[in-house]
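just the structure for this:
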Amino acid sequence: MKKEFILISAIAAGSVFSTFGADNQTAASAAINAAADGKTSVEATKTEYSPEDYQVVYELFDIGGVKATHEAMLKESIEVQIRNNPVVFAPLRKVLTDFFNKYLNYEDIKKEYADLYLEYFTPAEIKELIAFYRTETGKKIARLQPTLGVRGAKIGENAVKKHLPELREAVRAAFNEKNKAVQNPASDVKK
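Below is the predicted model of the structure:
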C-alpha cells in the first residue's frame, strides 16, 4: 500500500511541475524551497484573487499550451512506470489512466495551477508572459513544451537507470538502518 501511495504521489507531483515546462522546474523548485525557508513574496501572502486575475492566468495557460503539456506528462508518467516495471504496471495502464483522468483532469485542477502562478507572479507579470507567448519564440516553446517535457522526463529516467543498482543499495541500507533502530530502540538512548 505504501508503494502505491508513493507511486501515485510521485506521478502527481511530477506531472504538476512538468506541466510548467522543463525551464520552469528549476524556478518552481526554487520557489518551493524559498517558501519552505519562510522566504515568501508579498504576493504569496495574498489568498483571494479576483475573477480578472484568474482570467489573465487562464489566458496564459491557453497561449502557453499548459493543458497539452499537462496531458502529455500524465500519459508519460504512466508509461515510465510501465517501462520500468512492466509486470506490475502494464496491466494497470487503464486503471492508472482512468484514475488520472478522473482526479488529475486539467479542467478540475487548473484553478489550483492558477493559484500557484498567482502566488509567485503579479497579474502584470503574467501579462508580460502572455506577450512573450504571442511572439514567434513564445509560440514555438508553447508548441514544443509537451515534447520537451516528455523527452526531458526520459533523460531523467535514463540517468536514474544507469545508477539504479546504487540507488537500490542506498535504499536497502537506509531501510536496514531504520529497521535496526525500530527493533532495538534502547540503543538510541544515551546512558
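
mean confidence score for the longest helix belonging to the chain?
Looking across the chain with DSSP state H, the single longest helix is helix 136-162. Mean pLDDT, helix 136-162: 91.

can you list the buried residues in it?
For helix 136-162, burial by neighbour count (16 or more other Cβ atoms under 10 Å) applies to 138, 141-142, 145-146, 148-150, 152-153. (C-beta placed from N, C-alpha, C; glycine too.)

ok, those vs residue 107, which is closest?
Using Cβ to Cβ, the shortest approach to residue 107 within those belongs to residue 146, at 17.2 Å.

doesn't residue 65 make contact with that closest one?
Yes - between residue 146 and residue 65 there is a contact under Cβ atoms under 8 Å: 6.9 Å.

rewinding a little: tell me which helix or strand comes right after the longest helix of the chain.
Sequence order places helix 164-183 as the next helix or strand after helix 136-162, per DSSP states H and E.

next, the angle from that next one to helix 136-162.
Between the axes of helix 164-183 and helix 136-162, defined by axes from the mean of the first three to the mean of the last three Cα atoms, to 10 degrees, the angle is 70 degrees.

now helix 164-183 - C-alpha only, PDB.
The C-alpha coordinates for helix 164-183 follow below in PDB (Å, rounded to 0.1, in the frame of the first residue of the first chain):
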ATOM      1  CA  LEU A 164      19.800   2.100 -10.300                       C
ATOM      2  CA  PRO A 165      21.900  -0.600  -8.500                       C
ATOM      3  CA  GLU A 166      23.500   2.200  -6.400                       C
ATOM      4  CA  LEU A 167      20.100   3.700  -5.600                       C
ATOM      5  CA  ARG A 168      18.700   0.300  -4.700                       C
ATOM      6  CA  GLU A 169      21.600  -0.400  -2.400                       C
ATOM      7  CA  ALA A 170      21.300   3.000  -0.700                       C
ATOM      8  CA  VAL A 171      17.600   2.500  -0.200                       C
ATOM      9  CA  ARG A 172      18.200  -1.000   1.200                       C
ATOM     10  CA  ALA A 173      20.800   0.300   3.600                       C
ATOM     11  CA  ALA A 174      18.600   3.100   4.800                       C
ATOM     12  CA  PHE A 175      15.700   0.600   5.400                       C
ATOM     13  CA  ASN A 176      18.000  -1.800   7.200                       C
ATOM     14  CA  GLU A 177      19.300   1.000   9.400                       C
ATOM     15  CA  LYS A 178      15.700   2.100  10.200                       C
ATOM     16  CA  ASN A 179      14.700  -1.400  10.900                       C
ATOM     17  CA  LYS A 180      17.600  -1.800  13.400                       C
ATOM     18  CA  ALA A 181      16.500   1.300  15.200                       C
ATOM     19  CA  VAL A 182      12.900   0.100  15.400                       C
ATOM     20  CA  GLN A 183      13.900  -3.300  16.600                       C
END
